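1. missing the sequence, but the structure's below:
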């Protein structure tokens, strides 16, 4: 290095090296400084050398140089303090500040800035208070805007929001930086309304927001799901030309995604000039938050295709999507990437997310294996494992790990209790749930933690103990969307449609806007109960919130509700109006047509889907195979079989194989069903259940029970659906002894209390076997009697001809505030038809629509028409038939035509003839 370089040139070179973080060049310059003796002679060179090493992250070297300085002035101290603060060694930075004071060196604005930053990072409020005192004493509040803002920021980041607000008010000049520090603090600590209030106040004082202010305000809107306010802020951002700023763009993507508008989020994302990992994370996390997990994983594929690598937050987010979809293959790919990048070694979040993914996908042994290999098992990994066991009804294992966790002295948190309460809910173990409730109350967790309070509501609701659920719900210190969701989902599970809708209305009266999950739960219960009126009420609310425009999950549920209620024209209309027609919506519409006997229309939907060249996923193949099974379209089913085999999907996707077995079984082609079944790579409980269900539904109860025995001999244990199919088989052949064995197993698994479908089928089995007294005993023991169990008992009395009991149980059902569903009305109308009770059948038929908002279906009309023609009321019969969709009333017109011959009614006979022959 040439001797002619003076001190100024050397300082310039040191600054350049610091900027480039070029330690090799820095070492050469340092050698030259030593050779010339400049370290001792030139204080500026010494300070610059300390600063250079600190900025390059070589703090030990910086300290060595600093200790050799002849004069350590404010600049050299600042270089060392700043270096430590920027490297995250904040406690050491604050220690250096104290040492600087002890040596009598006066701080300047830079000293205070980096020291306050260190306080923010480690939450050192006491040191921050001391700094505040020193800043006031030296009168920096009046002279340095940057120090003022840093002071507000320190209080805000440490959570002392009132103090931050007080400091801001006292400032002689409040600039955008100080306002933004306060807004950010309130947003970060969840006080989002106040954050937005200060955002408005700032503007009213003539201070204009900058990019960071907008980001903080959007973050507050995201947390509150304040869509309207966020859209106002977006309009302002657009006017100022900041929409294409990547920092602001990321916040907009995050805001729209979190508020349930993924299409808007995608549109903003697509228009941004550059994409980074943060932006991809925001979009993918948004899709995951909206429940659009397939879209999230598609984005992940695109992101990787553009050369971006996964970081820990993205791995965690995408594993969550895999968990929700059961996408084990993709989850394993991410697992391999985590292993390759050694992400699991750098933080526990990815390891815990892996345990959670495998557990939620039902791969419990793999979840256990990953858990056992974790270098450190934190509370999150324990919770993931226990939650997985609870989710998949392995209550014993969940309780075992809960006890093991306690024995290893791992501190339980609210999430642990939430997981184990879920296990109680699944098992119907209300006794254990009450014990845990007492424990969390004793620890004072109930009042402090909303998640835990919500879990208690969910546990009691799942166990059918709605009185206890309401007691907890009413005592919650605050009720959020999740609290209401737990209650409404519980009512939905037990098909208490009236109570679910009542809770929905109460929620709105409290000013809590429902989220997509609540609306989907409500639509689900309305669809299963055939409650068109309730479904239309929810639809109106969805329209008011404009959710159909941006949330495919809600759109799909709405299509499903109308389809299940038999309002296929309305289902088609909603589908046609959807802006985002996901494959799931096509599948829903297809199934809806098939379930109501419109097989041709269902198959046409599939053909349209193919013509649109929409990529078919495994779910679509599963769906069309279900349609083929429902409408007995074995030929079409066979074509699909050939197609999926050609694509190699049979070996890759067990769900397709299982549905093929189910399709052939439903078509009574048991030879083909057996052949597919025998060639499956894995025969799980669903595969076996498909065979058992097929035999049971075709009336071959004996073969169904033989299949059940084989399944158990191969070490596969029945789940709730298997037990339902087996009970139906027992009922069909009067195998009461075997039914009682299954009853004992149901009791052992706690399913009588926790699964309404199992309990109602058990009542039905005893009723079909003629043991009404046992059916009544089982029914009376149920902690919560859903509409299915009432229907099973009423149907049992219809079967043995005890019509008085039928009507008295129906009346009792109404007295207990339970709304009958379409099946209930079909059962009582059948009872009327069997006993010739025309007047009573009229009453039930009118009550169905007038009082309960249920549209009569083909089967209801058929019962009433049968009674009317037998009584000679042919004009009235014709009027009832006209209420049925044209394509479904062919057989009823033939019935009326035959009756007209017997009763000699020419006028109605002519009308019946015209209508009956119009189908030929």
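-> The structure has been received and is ready for your questions. Note that the coordinates shown come from a computational prediction; the quantities given were computed from them, not determined experimentally.

2. Tell me how far the residue nearest the centre of the chain lies from residue 321.
-> By Cα atoms, centre = their mean, the chain has its centre lying nearest to residue 291, at 5.3 Å. In this view, residue 291 and residue 321 are 10 Å apart by Cβ to Cβ, to the nearest Å. Bear in mind the C-beta positions are built from the backbone N, C-alpha and C, glycine included.

3. quick one, helices of the stretch 51-200 of the chain?
-> Along the stretch 51-200 of the chain, the stretches classed as helices by DSSP state H, counting those that start in this stretch are 59-68, 74-86, 90-102, 109-122, 125-137, 145-157, 161-170, 176-188, 192-204.

4. Now do the first one: distance to the chain's middle.
-> Taking Cα atoms, centre = their mean, to the nearest Å, the mean C-alpha location of helix 59-68 is offset from the chain mean by 53 Å.

5. do the second one as well
-> Relative to the centre of its chain, helix 74-86 is centred 47 Å away, using Cα atoms, centre = their mean.

6. Residue 148 is in contact with residue 113, correct?
-> No - if you go by Cβ atoms under 8 Å, residue 113 and residue 148 don't touch, sitting 10.6 Å apart.

7. What lies in contact with the host helix or strand of residue 638?
-> Using DSSP states H and E, residue 638 sits within helix 634-646. The contact list for helix 634-646, computed with Cβ atoms under 8 Å, 6 or more residues apart in numbering, reads 603, 621, 624-625, 628-629, 650, 656, 660, 663-664, 667, 669, 676.

8. and those, which of them are in helices?
-> Taking DSSP state H, the ones among these that sit in helices are 603, 621, 624-625, 628-629, 650, 656, 660, 663-664, 676.

9. OK, contacts around the closest residue in space to residue 323 that isn't next to it in sequence?
-> Spatial nearest neighbour of residue 323, excluding adjacent residues (Cβ to Cβ, 6 or more residues apart in numbering): residue 360 at 3.7 Å. Residue 360 makes contact with 323-324, 326, 387-388, 391 under the criterion Cβ under 8 Å, 6+ apart.

10. how close does residue 360 get to residue 325?
-> 10 Å.

11. any idea how far the closest residue to residue 515 other than its chain neighbours lies from residue 500?
-> The shortest distance from residue 515 to any non-neighbouring residue, by Cβ to Cβ, 6+ apart, is to residue 481 (5.0 Å). From residue 481 across to residue 500, the span is 15 Å (Cβ to Cβ).

12. Between those two, which has more neighbouring residues?
-> Between residue 481 and residue 500, residue 500 has the larger neighbour count (other Cβ atoms under 10 Å), namely 28 against 16.

13. so who does residue 621 touch?
-> Here residue 621 is in contact with 640, 643-644, 649, 656, 659 (criterion: Cβ under 8 Å, 6+ apart).

14. where does the stretch 51-200 of the chain have low pLDDT?
-> Scanning the stretch 51-200 of the chain for pLDDT under 70 picks out the ranges 141-143.

15. Could you do the chain as well?
-> In the chain, residues with pLDDT under 70: 1-5, 41, 141-143, 343-347, 426-428, 447-448, 550, 884-889, 918-920.

16. Dump the helices of the stretch 51-200 of the chain into CSV; add distance to residue 803 and mean neighbour count as well.
-> Output for those, formatted as CSV (distance: least, Cβ to Cβ, whole Å; neighbours: other Cβ atoms under 10 Å):
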stretch, distance to residue 803, mean neighbour count
helix 59-68, 90, 17
helix 74-86, 84, 24
helix 90-102, 81, 19
helix 109-122, 77, 23
helix 125-137, 77, 17
helix 145-157, 73, 24
helix 161-170, 69, 16
helix 176-188, 65, 24
helix 192-204, 60, 18
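
17. is it possible to export those to CSV including distance to residue 238?
-> Formatted as CSV, these follow (distance: least, Cβ to Cβ, whole Å):
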stretch, distance to residue 238
helix 59-68, 45
helix 74-86, 35
helix 90-102, 39
helix 109-122, 32
helix 125-137, 38
helix 145-157, 27
helix 161-170, 28
helix 176-188, 19
helix 192-204, 16
